[in-house]
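*Asks:* sequence first, then the predicted structure:
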Number of protein chains: 2
Amino acid sequence: MPRSTRRRPALMHPATEEIDLFDVLHALSDPTRMTIVRILRTEPERACGTFPVDVAPSTLSHHFKVLRESGLISQREEANRRFSALRTVDLERRFPGLLDTVLAAHALTEGAEGAEGAEAR
Amino acid sequence: MPRSTRRRPALMHPATEEIDLFDVLHALSDPTRMTIVRILRTEPERACGTFPVDVAPSTLSHHFKVLRESGLISQREEANRRFSALRTVDLERRFPGLLDTVLAAHALTEGAEGAEGAEAR
DNA sequence: TACGATTTTCGACGAACGACGAAATTGGTG
DNA sequence: CACCAATTTCGTCGTTCGTCGAAAATCGTA
């Protein structure tokens, strides 16, 4: 038997040149997805289930799909798990400086938001 | 009689420090609004009705409201007209480099998009 | 092979979105 | 005052969004 008998459909990733700015902006305009991206910024790779966001697994799966199809992250399957990684190089090539600037902007709002009663999410 | 007898409610603009990143990203994730912002980038001020976007007036009004409440633009009333302007200084103060980077990113996608059959919008 | 862990797919639901037309508001002008 | 032009508000429509739970798929392991 071949090493990979794919029964699950292959994961769709847009090519670098096909990454759409509106899709990216929309993907980043959700707090949960922003959290995921921010975490992924500090680690090369991470399994889906290990993100500290409190939504149902199915919801999380949905967000990962949005992120993947927007071109923000790539996903790799390994056995049971699915590992996600930021497409930093591709993003930088497609929209130079965008990810850095947006994440920096979000970092600016960090302390203030949490301080006034928006604990999780 | 006083110079301004406001019967219409005053226009709501978020203070600079209150501009929300998610609102900004969401506002920019719509093509029509992106067009408006891009145009406003090249002119200090412009009346609402003079934007070359083909949507119904009421729809346009809605987009201006979203842009204004996100903090991206300010609006000033003068007689019948309402003039819009980019809040470049406030934006820069709140999220340094964000607007420039996003608009630069959008500029990169300009030629290619229009070339393959997405004339208007 | 049966189980458990990980993740997705599949509806479902309510909220928000983008679009529209009709009606109302406002103010300048004949 | 009547009219016109610019714009908003209101209600509606269909779509998309974010969320969930239940069920299915996949794979390692007991």
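*Replies:* Structure received.
*Asks:* from now on I want contacts and neighbour counts done on CA atoms only, so please keep to that.
*Replies:* OK.
*Asks:* which parts of the helix or strand of chain A with the lowest mean pLDDT are buried?
*Replies:* Lowest by mean pLDDT, DSSP states H and E among the helices and strands of chain A is helix A:98-115, with a mean of 86. Neighbour-count burial for helix A:98-115 flags A:98, A:99, A:100, A:101, A:102, A:103, A:104, A:105, A:106, A:109 (criterion: 16 or more other CA atoms under 10 Å in any protein chain shown).
*Asks:* can you pull the alpha-carbon coordinates of that helix into CSV?
*Replies:* Output of helix A:98-115 as CSV, limited to C-alpha atoms (Å, rounded to 0.1, in the frame of the first residue of the first chain):
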residue,chain,number,x,y,z
LEU,A,98,1.3,43.9,5.6
LEU,A,99,1.3,41.1,8.2
ASP,A,100,4.0,42.9,10.3
THR,A,101,2.1,46.1,10.3
VAL,A,102,-1.3,44.6,11.2
LEU,A,103,0.1,42.5,13.9
ALA,A,104,2.0,45.5,15.3
ALA,A,105,-1.3,47.5,15.2
HIS,A,106,-3.0,44.7,17.1
ALA,A,107,-0.2,44.5,19.7
LEU,A,108,-0.9,48.2,20.4
THR,A,109,-4.4,47.4,21.4
GLU,A,110,-3.4,44.5,23.6
GLY,A,111,-3.1,45.9,27.1
ALA,A,112,-6.0,48.2,26.9
GLU,A,113,-8.6,45.8,25.7
GLY,A,114,-8.0,43.1,28.2
ALA,A,115,-8.0,45.6,31.0
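*Asks:* which part of chain A gets nearest to DNA strand C, residue-wise?
*Replies:* residue A:49 (2.9 Å; CA to the nearest atom of the strand).
*Asks:* what helix or strand does the residue lying closest to residue A:11 once chain neighbours are set aside sit in?
*Replies:* Nearest non-adjacent residue to residue A:11, counting by CA to CA, 6 or more residues apart in numbering or on different chains: residue A:75, 7.4 Å away. Using DSSP states H and E, residue A:75 sits in strand A:73-78.
*Asks:* now for that strand, which elements pack on it?
*Replies:* Strand A:73-78 makes packing contacts with helix A:57-70, strand A:81-86 when contacts are defined by 3 or more CA pairs under 8 Å, 6 or more residues apart in numbering or on different chains; DSSP states H and E.
*Asks:* how far does the last one sit from the chain's center?
*Replies:* To tie it back to what came earlier, the one meant is strand A:81-86. Averaging C-alpha positions (CA atoms, centre = their mean, to the nearest Å) puts strand A:81-86 9 Å from its chain's average.
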